[in-house]
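Starting from these lines, generate the structure:
(2 chains)
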Amino acid sequence: MDDALLNTLRSIVANATPLVIASLGETVNERAGVINLSLDGSLALAAMAGFVAGLTTESIWVGLFAASITGALVALLIAFASIELRQDQVAVGFVLTILCADLARFLGQDYTRISGPQIRRLEIPLLADIPFLGPVFFQQNMIVYFSYILVFVTWFWLFRTQPGMTQRALGERPEAAFARGVPVNRYRYLYTIVGGLLVGLAGAAYSLNVKPGLSNPPSMQGDGWIALAIVIFGGWHPFRVVFGAYLFALLRAVSSDIQTNGLAIFGQDIEFNFVLLNGLPWTLMILSLLLVSSGSIERLLRMLPKPLQRRLRAFLRSDPPKAIGTRFDNDS
Amino acid sequence: MANLNNTDSLNAVLVRLAFFILPIIISLAISALLVIAVDRDPMEVSQLIWEGAFRNQRSQAGVLNLFITLVLVSIGLIVTFRAGLWNIGVEGQMMMGAVFASIIPMAFLQNESLDPAAFPQPLIVGGSILLAMFGGILWATLVGILKIYLGINEIFGGVALNALANVGAIYLISGPWEPDIGGSAQGTAPFPKETLIPQISSEFPTSLLMLVICAVAFIVVTFMLTRTRWGLSLKANGLNDRSALLLGVATDRIGMSAFWVCGALAGIAGSYRALFTFDSLRPLASGGIGFLGLLVVLLVSIRIIWVPLVAFIFAAILSGSTRLRISLQLDSSLASVLQGTLVLLVLLSNGARDAWFRRRNTTQPDQSGEI
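Reported below is the predicted structural model:
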């Protein structure tokens, strides 16, 4: 197998990792009914906190911890504003998007463009030697491995455990969960904070790994929105969410390859202004949301044989959790 | 009994006042702490911001120039918020305004046979502003189509179209509109003087025309919102899509009309950035003013009457903070941090205030005022 190709694929997996973790985190809180819209800002703030903490203590672990806590605090604020103060989750989330990005810029101003700690590569014995899969998936670092585990844990939790089912009920029919004795708002706090921890970790995955250090504007600017869109594209299902994140990273790698090496189709050089390629992720975002929102998936399914239809529909369904973004009042 | 009610309502007023003032004090305190955290003196910083905004006529004009754009987008956003729409795409609508406003100036730049001095300036500038409105409306329509007919949340449609508008502007700057010498992604060549929005004077460089447009927009939109059936339909649409439909309001048309009004105003704001602030087309011409407008509107809880005052204060802080970098090597994002903190705390404080009154009313049901 071509070494260059393996390297490219390996870097795609690494580059997708923050998106994977952030969108899985958002899946966790949205499944419980809480939208954390602040991702584009909280990723930047967590990345800054993680980098500065890691740099000053010379410890990756402290950096990861600081970033996760930062993400969790932002999420906690949204849950608090929504649950206790009855404020609109989207409004508070939007303000935090802007505020966190500005805070990251202000507090990180003396730390831009300096090199700091980076998460080291850690090959997994035996697995790393498997042809093709080894170099691509198992010659990575611990945060990437964590993302693999996270996918399965999230899926298993949501769809194969009792508490996971309760969590989904919080997002679908909180009043039913409440009637069965579930403390809805307490659990919503819990899952929002867990989601925030993951978003924070994703922030550190940028500043300590994928795009080491801090820059202005932050290197991950826009990725928060993309992660939010991936959750919708992924139908709030961990496997599809991860598929979306990898697909995105792949297309982004293709577009940056074209920007550096040019584009040739059948040996014919294609000339155009490569600046336009920067619009690709956003066009893709709109198209992927169109795909899941316009009923085209349903039309596609109908063309398939019946038994296959049923199974695929369960996987491809993309209705949002019914109570997403709404408040639940215990006292009403 | 009457006395009791009086002290009661006096208490209520005091509580409201406290919930109004507290977020202001706390956000100032937080900002001061942040300044201390980066080893600078908060008093010196506030002094610099004040001087930066008001030290002379030029700086005062700078505040007004930011105010003009901010107030225009905020008025537009009041309309979309009234309709229950989150027009995050306002940034892109501003950028498109700047792009479309650049069409006529670029035509003069690129055709040497055309002399801008041969045309009446009001015609050139007026035409450019109209084009800018068209550009803003066009971009707002796309968000509207995605939202209303294709079921894509306007937040995502808006964010994506913001980015695409900027890509479009950079494409023009680095491609068809690339300057002859020193071609870079920094901006187009400076536009001919005759195509720019005229300034009051070189000592007080702001535009009377634009201030008038702001005033007209404010009055017309206020009137439309409060005195017309359209304003009522908007409100019905914002409160509840379904009930609006039952009341016979065409929800798709009313939503789209809100996008158009906001797009047009954002377009005018964009034209001011290109034809006055920069004298050229630059990337990210909106400069975050659209997002700031969203913050303004959230701060005033969608009440248009407060927009000019808050927009002016925000413009002064933002304009004044540009001196921080020069004098203290301090990132000017401090101003945005202060504004963001203030808006966040105001939202939280509104919630806390309502909770306070709610609790009081439930423990003392006799005084709930509903009897």
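
what about the chain, any weak spots by pLDDT?
Unless you meant another one, I'm taking chain A. Residues of chain A meeting the criterion pLDDT under 70: A:1, A:331-332.

The chain in question should be chain B.
With pLDDT under 70 as the threshold, chain B has low-confidence stretches at B:1-5, B:182-185, B:240-250, B:362-371.

residue of it with the smallest distance to chain A?
With Cβ to the nearest Cβ, the shortest gap between chain B and chain A falls at B:Gly351, namely 2.6 Å. Quick note: C-beta positions are derived from backbone N, CA and C, even for glycine.

so what's that residue up against?
B:Gly351 is in contact with A:Ala81, A:Glu84, A:Leu85, A:Arg86, A:Gln87, counting by Cβ atoms under 8 Å, 6 or more residues apart in numbering or on different chains.

Give me the neighbour count for B:Pro205.
16 (other Cβ atoms under 10 Å in any protein chain shown).

Surely it touches B:Gln199?
Yes - using Cβ atoms under 8 Å, B:Pro205 is in contact with B:Gln199, at 4.5 Å.

Tell me where the stretch 201-332 of chain A has strands.
Remark: strands assigned in the stretch 201-332 of chain A by DSSP state E, counting those that start in this stretch are A:263-265, A:268-270.

for those strands, which one sits closest to B:Leu342?
B:Leu342 sits nearest to strand A:263-265 of all the strands of the stretch 201-332 of chain A, at 47.8 Å, using Cβ to Cβ.

what's next to the closest one, contact-wise?
Strand A:263-265 has contacts (Cβ under 8 Å, 6+ apart) with A:Asp269, A:Ile270, A:Phe272.

Pull the distance from stretch A:131-143 to the chain's centre.
Counting by Cα atoms, centre = their mean, to the nearest Å, stretch A:131-143 is centred 20 Å from the centre of its parent chain.

In that stretch, which residues are buried?
Buried residues in stretch A:131-143, counted by 16 or more other Cβ atoms under 10 Å in any protein chain shown: A:Gly134, A:Pro135, A:Val136, A:Phe137, A:Phe138, A:Gln139, A:Gln140, A:Asn141, A:Ile143.

Dump those to TSV, plus distance to chain B and secondary structure.
Formatted as TSV, the buried residues of stretch A:131-143 follow (distance: Cβ to the nearest Cβ, whole Å; DSSP: H, G, I helix; E, B strand; the rest coil):
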residue	distance to chain B	secondary structure
A:Gly134	37	helix
A:Pro135	34	helix
A:Val136	30	helix
A:Phe137	31	helix
A:Phe138	35	coil
A:Gln139	33	coil
A:Gln140	29	coil
A:Asn141	30	strand
A:Ile143	26	helix
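
Let me know the closest of those to B:Trp230.
Among the buried residues of stretch A:131-143, and counting by Cβ to Cβ, the member closest to B:Trp230 is A:Ile143, at 53.1 Å.

Would you agree the closest one is in contact with A:Arg121?
No - A:Ile143 is beyond contact range of A:Arg121, at 10.8 Å (criterion: Cβ under 8 Å).

what residues does the stretch 101-250 of chain A put near chain B?
Counting by Cβ under 8 Å from any Cβ of the partner chain, the residues of the stretch 101-250 of chain A close to chain B are A:Asp102, A:Leu103, A:Arg105, A:Phe106, A:Leu107, A:Gln109, A:Asp110, A:Gly222, A:Trp225, A:Leu228, A:Ala229, A:Ile232.

Just the buried ones from those residues?
By 16+ other Cβ under 10 Å, those give A:Asp102, A:Leu103, A:Arg105, A:Phe106, A:Leu107, A:Gln109, A:Gly222, A:Trp225, A:Leu228, A:Ala229, A:Ile232 as buried.

Apart from its neighbours in sequence, what residue is nearest the residue in the stretch 1-150 of chain A positioned nearest to chain B?
Using Cβ to the nearest Cβ, the closest approach of the stretch 1-150 of chain A to chain B is made by A:Leu85 at 2.6 Å. Among residues not flanking A:Leu85 along the chain, B:Gly351 sits closest, at 2.6 Å (Cβ to Cβ, 6 or more residues apart in numbering or on different chains).
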